[in-house]
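1. 3D, please:
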Amino acid sequence: AAEKRHAIESGPLLIFTLVLALFVLGVSGLLHVDGILAVFVCGLAFNATSSASERADENKIDEAVNRLVVLPLFTALGAMLPWREWGELGWWRALLLVVGVLLLRRLPVLLILKRPLSLTWRDTVFLGWFGPLGVSALFYLTMEAHRLGTNPVVLAGGTLVVAASTIVHAITTAPGLALYRKAANRTPERAQ
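-> As a prediction, the model looks like this:
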């Protein structure tokens with residue numbers, strides 16, 4: 001609104017979104033509500049009020065900042081992996097947990113919702129597979145472990161699933177995208 005009235009100069013949306021996110025995170029902390037959810041809802045509202053052309057200009061900068069924030073977090077995770085606790089889970093329990101979460105977390109739901117969402121098979125499988133567990137999962141896992149004194153087995157299992165998800169999805173990204181493109185070129189757009 002201030003830009004439309006020429007009260008301020010046009011600035012990068014990245015700075016505005018960062019300041020807005022920090023403000024909402026601070027206010028949500030004062031109100032004792034979930035900060036991640038509050039920032040997410042704020043982002044949805046911001047997205048609804050900004051135009052696609054405004055957001056398109058900022059995508060490259062957003063990606064660079066995302067890498068600057070996320071990469072150190074995963075470097076720290078890699079440095080602090082609880083190998084001993086993972087070993088205490090037992091290899092078969094660990095494998096069952098990882099395979100169960102990766103295969104049953106999203107794919108069955110999308111298969112059930114394929115028809116109501118009018119998705120093609122390739123879109124259903126693609127959306128059902130890709131979506132690694134990441135920063136938010138680590139945040140909630142450590143927050144709850146700190147607040148509730150969660151059993152170390154839960155923390156070990158959670159970090160194992162995040163680490164495995166990161167590795168498995170990173171390995172399958174290139175072949176998965178190639179198969180998705182190949183299927184898109186082979187089938188008509190609305191083939192079910």
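2. OK, contacts around the residue nearest the centre of the chain?
-> By Cα atoms, centre = their mean, the chain has its centre lying nearest to G134, at 5.6 Å. The neighbours of G134, taking Cβ atoms under 8 Å, 6 or more residues apart in numbering as the test, are V70, V162, S165, T166. Where you see a C-beta, it was placed from the backbone N, CA and C, and this is true even at glycine.
3. Distance of it relative to Y140?
-> When distance is defined by Cβ to Cβ, to the nearest Å, G134 is 11 Å away from Y140.
4. cool, P116 as well?
-> From P116 to Y140 the distance is 29 Å (Cβ to Cβ).
5. Looking at the two, which is more packed in?
-> Taking neighbours as other Cβ atoms under 10 Å, P116 and Y140 compare with Y140 leading, 13 against 7.
6. Could you break the protein into its assigned domains?
-> 1-80, 81-191 (the TED database).
7. Could you dump these into CSV with mean pLDDT added?
-> Shown next, in CSV, are these (pLDDT from 0 to 100):
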stretch, mean pLDDT
domain 1-80, 76
domain 81-191, 84
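8. gap between the closest residue to L113 other than its chain neighbours and R181?
-> Using Cβ to Cβ, 6 or more residues apart in numbering and skipping residues adjacent in sequence, the residue nearest L113 is L119, 7.6 Å away. The span separating L119 from R181 equals 17 Å under the rule Cβ to Cβ.
9. now swap in L110 and tell me
-> 19 Å.
10. next one: phi and psi at H32?
-> Here is the backbone geometry of H32 (degrees, to the nearest 10): phi 60, psi 40.
11. tell me, how many neighbours does it end up with?
-> If we define neighbours as other Cβ under 10 Å, then H32 has 7 of them.
12. Return the set of buried residues in stretch 143-156.
-> A145, L155, A156 (16 or more other Cβ atoms under 10 Å).
13. Which one of these is nearest to A94?
-> Closest to A94 out of the buried residues of stretch 143-156 is A156 (8.7 Å), distances taken as Cβ to Cβ.
14. In terms of neighbours, single out the busier of L110 and R181.
-> Using other Cβ under 10 Å as the criterion, L110 and R181 rank with L110 on top: 17 against 11.
15. Now that one. Nearest residue, chain neighbours left out?
-> Nearest in space to L110, with sequence neighbours left out and distances taken as Cβ to Cβ, 6+ apart, is G128 at 4.2 Å.
16. If anything else comes up later, I'll come back, but that's it for now.
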